[in-house]
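Participant: My questions are about this predicted structure, shown below with the sequence.
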Amino acid sequence: MADDGPSARVNFRSALRAAFRAALESLAADGGVAIAAHEMPGLLEQVRETADAKFGDYSGTMAMALAKRAGKKPRDVAVEIIRRLEAAPGYGTLFQPPGDPVGPGFINVRVQDSALAAAVGRAVADERLGVALVVKPRTVVVDFSSPNVAKPMHVGHIRSTVIGDAIARILRFRGHHVITDNHLGDWGTQFGMILWGWKHCRDDAAFAADPTAELGRLYRLVRKVADAKPEELAADPAAGALAAQHPAAGSEVLAETAKLHEGDPENRALWERFMPVCRGEIDRIYRRLHVTFDHTLGESFFQPLLAATVDDLVAKGLARESRGAIGIFLGGEDDPPLLIRKADGAFLYATTDLATIQWRLEHWKPDRMLYVVDHRQSQHFEQVFEAARRWGVDGVADVDLVHVAFGTVLGEDGKPFKTRAGDTVGLEALLDEGVDRAAAVVGTDDEGRAGMTAEDRRHVAETVGIGAIKYADLSQNRTTDYVFSFDKMLQLTGNTAAYMQYAVARVEGIFTKGAVDRGQLRRDCRGVLVSDPKERALALELLRFGEALEDVEADSRPNVLTAWLYDLAGCYSTFYDALPVLKAEGADRDSRLAVCDLTGRVLRRGLELLGIGTVEKM
RNA sequence: GCGCCCGUAGCUCAGGUGGAUAGAGCAUGGGAUUUCUAAUCCCAGGGUCGCUGGUUCGAGUCCAGCCGGGCGUACCA
């Protein structure tokens, strides 16, 4: 496929912003209005797509904001900008002359049809579908998923895993150097629980038969015993009896954890024995989700660094002893410190997080580190980031540390998602149910799907079911809590995975039915026709792929991409409903086939960047 | 008590660091079909953007104060 480099790829919004930059700099140089260099990015962000096509394709609103300080009328400032905009390098080849300002001072711009048609033609011939690479690639660490391996993965892990994977894929496609790391919880108190359980109430036969299940049972049992909540113990006779026998179980669990941390041979050996079991369990789920990591450096990996971390923080006067523990006092004396060593000598996750930051800075030299973690830990990350900056390890002053927070998964009753019995929902059972329900929705036999084998149907159900779970999560603003509903996510209409996947399958159907050589089509495409408004709207939307990805990156919000894909699918449906493709003739047919080809590829790539698969037929 | 997040249509949700008449889907009502995969498309009704003030050419968006909900708040992660 042709790849003529960035110059062949046009991002109309970026191009227009560059023209506005030239216009505004010229205006400032002429004394029209004072603009400080640091204000320019904010002003250029006011160049964006219009809310309504009747205003053109893009608009700039900065004239109104600048008018006051210039002591002029907004429209007069807009006229000054427009005059310079038209003279900006490259403007005229891409955009029509803006004409007069509209309303209080809107500058509305429309893309030249010729430029639009040619850009679509180049995108059709481009493996990157017309999406330019970032000018300044950054090294970005994405830290996500991070389950506690001693307990089975549950619904609470889905968001971090799915959102983190999507962000990593998108940043990588944009051209950044992305390093994904699964920071496993493999060294904390939950292992103390399993160790305690192993020593007091293990079932050897059960462990031999199904190690994962037995470790899971031990975790759930000991957690109840250690927490010693009367209502939980009353509801679970086995836990209740055990708690009665071991009133000090809670502190004994902590002691087991501390022994592990201190290098106790027995606990260490048990840990070595349990880890492969735990890893096998989570790896199976990652395979099913098609999620991979560049690194899986869990808490245990950083364990050898922790003592030195605490010593260094103490030596630098940042941390000190308090009530037997060691903490970093970031606020006043009354504010709770960030504890990095407990009174019993054990380290905490703050300790590991600080050591991890230092290690990553030294070995990976990232420009940015994204932590895709539950919003409930926002305070923890604020403290850890602040502590890391004060610690002043090499590179920390130049790295962006970002907590990419997300809300809780709720059931349809609005409460945290639990089974009827009140247990957390296992992730694997959740995926199974999604696939089963998808099979019921898509698996019925009818004419359009004749010729699909049982194997095909299973594959479609798996793709649609897993896709539905992922898409439902990704399409929602990550900061809010989200209500988990199989019925909603598996709808075939609206902004769902199934609708998007169906849109892809419809495009595939055209090429299958028409026996079109798509390779030939792409090579021969010299541009497309945009004379029909529906055709033009689709063409313009296709070329906004790069803008959508840019906006995802700005705030780590994958729902920006799902929303755009849904809009694109809507533009396509409208186009396809109104205009014949295979039945068209000559240049119309070639042009529309090219647009269909590009639409299918963009939709598929967009879903792929969300970690969602597609099928040829459904 | 303090801190963070949230409150938008009957329901579930979108609404870049302020922009044009607040948008989708579901549900409700109406229309399009000798189907290029109708799992689609088009149209309609439906809103005090929690409340009250403030900032300004302009506020769902920013500020202050209330009301309501969630989460966190010293040795779990």
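Facilitator: Cool, the structure landed.
Participant: contacts, neighbours, all on C-alpha from now
Facilitator: OK.
Participant: Could you pull out the helices in the stretch 151-300 of chain A for me?
Facilitator: A:158-174, A:189-201, A:204-209, A:211-227, A:230-235, A:237-245, A:249-262, A:265-289, A:299-302 (DSSP state H, counting those that start in this stretch).
Participant: Looking at those helices, which is nearest to RNA strand B?
Facilitator: When these are compared by CA to the nearest atom of the strand, helix A:189-201 sits nearest RNA strand B, at 4.6 Å.
Participant: Could I get the buried residue list for the closest one?
Facilitator: A:189-198 (16 or more other CA atoms under 10 Å).
Participant: does it come close to RNA strand B?
Facilitator: Yes. Helix A:189-201 reaches RNA strand B (CA under 7 Å from any atom of the strand) through A:189-190.
Participant: for that helix, packing partners?
Facilitator: The contact analysis (3 or more CA pairs under 8 Å, 6 or more residues apart in numbering; DSSP states H and E) places helix A:189-201 against helix A:211-227, helix A:249-262, helix A:265-289.
Participant: A:L339 against A:S322, yeah?
Facilitator: No. The pair A:L339 / A:S322 is not scored as a contact, 9.2 Å apart, by CA atoms under 8 Å.
Participant: of these two, who's got more company?
Facilitator: A:L339 (21 against 14; other CA atoms under 10 Å).
Participant: quick one: that one and A:D52, what's the gap?
Facilitator: Applying CA to CA, to the nearest Å, the value for A:L339 to A:D52 is 53 Å.
Participant: where do the strands sit along the stretch 351-500 of chain A?
Facilitator: For the stretch 351-500 of chain A, strands defined by DSSP state E, counting those that start in this stretch occupy the ranges A:368-374, A:400-406, A:409-410, A:482-483.
Participant: And A:G324, how far from A:G250?
Facilitator: As judged by CA to CA, A:G324 and A:G250 stand 19 Å apart.
Participant: More neighbours: these two, which one.
Facilitator: A:G250 (20 against 12).
Participant: Would you check that that one makes contact with A:V225?
Facilitator: Yes. Counting by CA under 8 Å, A:G250 touches A:V225, with 7.3 Å between them.
Participant: in chain A, which helix or strand is least confident?
Facilitator: helix A:230-235 (a mean of 80; mean pLDDT, DSSP states H and E).
Participant: How far off centre is it?
Facilitator: Relative to its parent chain, helix A:230-235 has a centroid offset of 39 Å by CA atoms, centre = their mean, to the nearest Å.
Participant: on that earlier part again, want to throw the buried residues of helix A:189-201 into JSON lines with pLDDT?
Facilitator: Converted to JSON lines, the buried residues of helix A:189-201 look like this (pLDDT from 0 to 100):
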{"residue": "A:T189", "pLDDT": "84"}
{"residue": "A:Q190", "pLDDT": "85"}
{"residue": "A:F191", "pLDDT": "88"}
{"residue": "A:G192", "pLDDT": "90"}
{"residue": "A:M193", "pLDDT": "91"}
{"residue": "A:I194", "pLDDT": "92"}
{"residue": "A:L195", "pLDDT": "93"}
{"residue": "A:W196", "pLDDT": "94"}
{"residue": "A:G197", "pLDDT": "94"}
{"residue": "A:W198", "pLDDT": "95"}
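Participant: between these, which is closest to A:A584?
Facilitator: A:Q190 (64.8 Å; CA to CA).
Participant: one step back: most tightly packed of the helices and strands packed on helix A:189-201?
Facilitator: Mean neighbour count, computed with mean count of other CA atoms under 10 Å, is highest for helix A:211-227 among the helices and strands packed on helix A:189-201, reaching a mean of 21.
Participant: can you tell me which two in the buried residues of helix A:189-201 are farthest apart?
Facilitator: The widest separation within the buried residues of helix A:189-201 (CA to CA) is 14.1 Å, between A:T189 and A:W198.
Participant: Between its first and last residues, how far does stretch A:420-429 reach?
Facilitator: For stretch A:420-429, the first-to-last residue distance is 14 Å (CA to CA).
Participant: Residues contacting that stretch, please?
Facilitator: A:152-155, A:157-158, A:285, A:417-419 (CA atoms under 8 Å, 6 or more residues apart in numbering).
Participant: Distance check, the residue of chain A positioned farthest from its centre against A:E585.
Facilitator: Ranked by distance from the centre of chain A (CA atoms, centre = their mean), the top residue is A:Q245, with 46.6 Å. Distance of A:Q245 to A:E585, given as CA to CA: 84 Å.
Participant: Ok, A:L16 next?
Facilitator: A:L16 is 35 Å from A:E585, by CA to CA.
Participant: Neighbour count: these two, which is higher?
Facilitator: It is A:L16, of A:L16 and A:E585, that has more neighbours when counted by other CA under 10 Å, with 25 against 12.
Participant: Test my guess that the more buried one contacts A:Y91.
Facilitator: Yes. Using CA under 8 Å, A:L16 is in contact with A:Y91, at 7.3 Å.
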